[in-house]
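*Asks:* How does the following fold in three dimensions:
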Amino acid sequence: MSHPATDSTRQVLGVVGDLVEDIVVWFEGEHRYATDNASRITRSRGGSAANVAMLAAGMVPSRFIGCVGEDAAGAALVAELEQHGVDVRAQRHGRTGTIVVLVDSTGERTMFPDRAAAADLTDVPLEWLDSLAVLHAPSYCFSAEPAASATLALLHAATAAGVEVSLDASSTGMLAQFGVDRYLDLVEAVRPSIFFANAREAEMLDLGRPQFTKTLTIIKDGAQPAIVRQAGGIAQSISVPPVEGVKDSTGAGDAFAAGFLAAHLRGSGPVEAAVAGHAVARTVLRSPGATPI
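*Replies:* Predicted coordinates:
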């Protein structure tokens with residue numbers, strides 16, 4: 001596995017992907033079809049990439065790269081990221097995307113994404129890679145064009161520039177829609193040094209395949225221990241401290257990635273970075289969306 005650039009000019013965690021508005025619907029009890037359901041509805045910043053950039057910004061310098069709408073919602077989302085200290089490099093056109101997130105009484109969520117402008121990212125200026133030590137990409141980036149091609153080109157440019165690349169599998173739904181074999185070809189082309197997946201995504205992809213043998217892989221499994229497998233196959237189990245009062249798992253994976261990558265950027269080993277990832281993930285489990293309390 002490669003390590004973050006030692007060049008002192010490269011200190012920034014870059015994240016490419018979505019910045020959207022989350023509409024989070026909390027409901028209790030059984031969903032009653034075709035009638036009213038009592039709920040609590042909140043609006044918040046969303047998008048896996050934006051979540052990682054914002055949650056990491058308090059720990060390391062972070063940069064968001066993406067596309068948002070040329071509208072009031074997009075302007076507000078950019079301003080919020082900037083207020084949290086994120087260096088925002090955003091293309092602006094079209095309408096800002098929205099994700100409706102339904103959260104049940106156990107904290108599990110079902111999502112209805114409309115990525116809109118987030119899927120319209122086009123050629124990214126190479127100077128947006130300046131100062132990056134790591135570039136992280138959620139796999140949602142590859143679900144639609146032109147963002148898929150633009151992201152792939154950016155990741156290749158990052159690797160050529162000596163920037164470490166990290167990928168997150170994102171969701172089983174996205175992987176199924178994209179196609180597992182096609183996705184494995186993508187991983188082979190990108191050759192990430194760090195790869196995040198949850199237990200269901202890891203099972204779907206089979207991280208024992210040759211595409212992952214030279215990659216540090218991290219498998220998250222909710223309250224169950226995480227598995228950190230270093231390049232070469234040495235695996236370690238990292239227990240998860242219990243969390244009381246879990247209300248919403250939205251953004252927990254993004255928070256874990258933010259904590260892990262920030263610690264990695266500061267020189268921590270994989271186990272210590274995983275512990276840091278769990279610590280950040282705990283901060284978003286009691287509030288709507290990827291919002292720390």
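*Asks:* Only C-alpha atoms from now on, for both contacts and neighbour counts.
*Replies:* OK.
*Asks:* ranges for the strands of the stretch 51-200 of the chain?
*Replies:* In the stretch 51-200 of the chain, the strands defined using DSSP state E, counting those that start in this stretch lie at 62-68, 87-92, 98-103, 109-114, 132-138, 164-168, 194-198.
*Asks:* Show me what the fourth one is packed up against.
*Replies:* Right, the one you point to is strand 109-114. Judged by 3 or more C-alpha pairs under 8 Å, 6 or more residues apart in numbering; DSSP states H and E, strand 109-114 is in contact with strand 98-103.
*Asks:* contacts for the strand it packs on?
*Replies:* Strand 98-103 is contacted by residues 20-27, 46, 109-116, 248 when judged by C-alpha atoms under 8 Å, 6 or more residues apart in numbering.
*Asks:* Just the buried ones from the residues you listed, in PyMOL syntax?
*Replies:* Applied in PyMOL, the following selects the buried portion of the contacts of strand 98-103 according to 16 or more other C-alpha atoms under 10 Å:
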select buried, resi 20+21+22+23+24+25+26+27+46+109+115+116+248
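*Asks:* Restricting to C-alpha, output stretch 197-208 in CSV.
*Replies:* Written as CSV, here are the backbone C-alpha positions of stretch 197-208 (Å, rounded to 0.1, in the frame of the first residue of the first chain):
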residue,chain,number,x,y,z
ALA,A,197,-17.2,-1.3,1.7
ASN,A,198,-19.9,-2.4,4.1
ALA,A,199,-20.4,-6.1,4.7
ARG,A,200,-23.1,-6.6,2.0
GLU,A,201,-21.1,-4.7,-0.6
ALA,A,202,-18.0,-6.7,0.3
GLU,A,203,-19.9,-10.0,-0.1
MET,A,204,-21.3,-8.8,-3.4
LEU,A,205,-17.8,-7.9,-4.7
ASP,A,206,-15.8,-10.7,-3.0
LEU,A,207,-12.8,-8.6,-1.8
GLY,A,208,-10.6,-11.7,-2.1
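*Asks:* Tell me the gap between it and the middle of its chain.
*Replies:* Taking C-alpha atoms, centre = their mean, to the nearest Å, one finds the center of stretch 197-208 at 16 Å from the center of the full chain.
*Asks:* one step back: export the strands of the stretch 51-200 of the chain to a markdown table and tack on distance to V12?
*Replies:* Output for those, formatted as a markdown table (distance: least, C-alpha to C-alpha, whole Å):
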| stretch | distance to V12 |
| --- | --- |
| strand 62-68 | 5 |
| strand 87-92 | 10 |
| strand 98-103 | 28 |
| strand 109-114 | 29 |
| strand 132-138 | 5 |
| strand 164-168 | 11 |
| strand 194-198 | 16 |
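*Asks:* With distance to L285 and mean pLDDT added, can I get those in CSV?
*Replies:* Listed next are those as CSV, based on distance: least, C-alpha to C-alpha, whole Å; pLDDT from 0 to 100:
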stretch, distance to L285, mean pLDDT
strand 62-68, 22, 98
strand 87-92, 26, 98
strand 98-103, 12, 90
strand 109-114, 12, 88
strand 132-138, 20, 98
strand 164-168, 20, 98
strand 194-198, 16, 97
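*Asks:* Can you classify the residue of the chain positioned farthest from its centre as helix, strand or coil?
*Replies:* Residue distances from the centre of the chain (C-alpha atoms, centre = their mean) peak at T35, which lies 34.3 Å from the mean C-alpha position. Recorded secondary structure, T35: coil (DSSP: H, G, I helix; E, B strand; the rest coil).
*Asks:* my read is I227 is in a helix, agree?
*Replies:* No. Remark: I227 does not belong to a helix; assigned using three-state DSSP, it is strand.
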